[in-house]
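A.B. asks: Based on what follows, work out the 3D shape:
(one chain, ligands or ions: 1)
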Amino acid sequence: MPFEIEETEIPEVKIIKPKIFNDNRGYFLEFYKKNDFNNFNIKVKFPQDNLSFSKKGVIRGLHFQKHPYEQGKLVSVISGKIFDVAVDLRENSKTFKKYVSIELSNENNKMFYIPEGFAHGFQALNDSYVMYKTTKEYNKDYDSGIIFNDNEISIKWPIKDYIISEKDKKLKTLKEIFR
Ligand SMILES: Cc1cn([C@H]2C[C@H](O)[C@@H](COP(=O)(O)OP(=O)(O)O[C@H]3O[C@H](C)C(=O)[C@H](O)[C@H]3O)O2)c(=O)[nH]c1=O
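C.D. replies: Next comes the predicted model:
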């Protein structure tokens with residue numbers, strides 16, 4: 001089985017460790033294999049792959065797509081290191097408004113599986129290339145998000161001297177979204 005799975009404090013959010021096949025040339029790993037993920041009860045399709053490059057200190061997020069275009073994500077770091085965050089936005093969940101975070105890097109080759117119903121964001125701990133698969137296609141009309149420093153979630157972003165987009169500066173708080 002070329003993947004190992006680790007639980008997090010939010011049961012549906014998983015850490016996935018692909019098997020690394022090292023040899024004298026370098027290494028090989030599988031990012032995703034339908035049957036193996038089905039064995040982990042992750043039975044989703046990924047119609048879109050994304051790649052973003054972020055300079056050290058950049059925070060992207062906290063983003064989500066509104067119903068019916070919610071996106072699950074399988075996040076990996078091709079090069080660099082990020083502090084990756086998933087926030088539970090499922091109002092009927094015991095962990096509503098709670099978050100889990102993980103360091104993903106091309107050293108640990110870990111992946112983060114974030115199901116639909118969560119907001120996603122990350123901070124680049126050095127210049128980083130992040131590749132992630134999504135369970136639905138991007139729909140700009142349903143693109144939404146929560147301000148990164150919402151004190152109801154209170155994420156401890158590692159780098160204080162952050163860079164964020166003008167768009168992300170204007171994102172609402174959880175309270176404003178879930179009145
Ligand atoms: C997400 C996305 C964006 N775009 C276009 C829209 C903008 O013209 C440009 C940059 O978009 P944005 O500033 O929303 O990119 P990020 O800040 O990296 O957004 C992502 O950041 C967090 C971490 C996520 O998990 C989401 O996938 C996504 O919200 O790419 C597309 O054409 N397709 C897409 O799927």
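A.B. asks: and residue 102, helix, strand or coil?
C.D. replies: Assigned by DSSP: H, G, I helix; E, B strand; the rest coil, the conformation of residue 102 is strand.
A.B. asks: Tell me how many other residues crowd it.
C.D. replies: Look at residue 102: counted by other C-beta atoms under 10 Å, it has 19 neighbours. Just so you know, the C-beta spots here come from the backbone N, C-alpha and C atoms, and that holds for glycine as well.
A.B. asks: And it, how far from residue 95?
C.D. replies: For residue 102, the distance to residue 95 (C-beta to C-beta, to the nearest Å) stands at 15 Å.
A.B. asks: Backbone dihedrals for the residue of the chain most remote from its centre, please?
C.D. replies: In the chain, counting by C-alpha atoms, centre = their mean, residue 24 sits farthest out from the average C-alpha position, at 32.0 Å. Main-chain dihedrals, residue 24, degrees, to the nearest 10: phi -70, psi -10.
A.B. asks: Residue 176: what secondary structure?
C.D. replies: Residue 176 ends up helix, using three-state DSSP.
A.B. asks: repeat for residue 141
C.D. replies: Residue 141 - assigned by three-state DSSP - is helix.
A.B. asks: Could you check how far it is from the ligand?
C.D. replies: 12 Å (C-beta to the nearest ligand atom, to the nearest Å).
A.B. asks: That residue: neighbouring residues, count only.
C.D. replies: Residue 141 sits with 8 neighbouring residues when counted by other C-beta under 10 Å.
A.B. asks: what's the answer for residue 71, then?
C.D. replies: Neighbours of residue 71 (other C-beta under 10 Å): 27.
A.B. asks: Now do the same contact list for it.
C.D. replies: If you count contacts by C-beta atoms under 8 Å, 6 or more residues apart in numbering, residue 71 has them with 64, 65, 116, 134, 135, 136, 138.
A.B. asks: now do residue 178
C.D. replies: With C-beta under 8 Å, 6+ apart, residue 178 has these contacts: 89, 91.
A.B. asks: picking up where we left off before, the contacts of residue 71: which ones sit near the ligand?
C.D. replies: Filtering the contacts of residue 71 for neighbours of the ligand using C-beta under 6 Å from any ligand atom leaves residue 138.
A.B. asks: Get me the contact residues on this protein for the ligand.
C.D. replies: Contacts of the chain with the ligand, taken as C-beta under 6 Å from any ligand atom, map to 50, 52, 60, 61, 63, 73, 120, 121, 122, 138, 165, 167.
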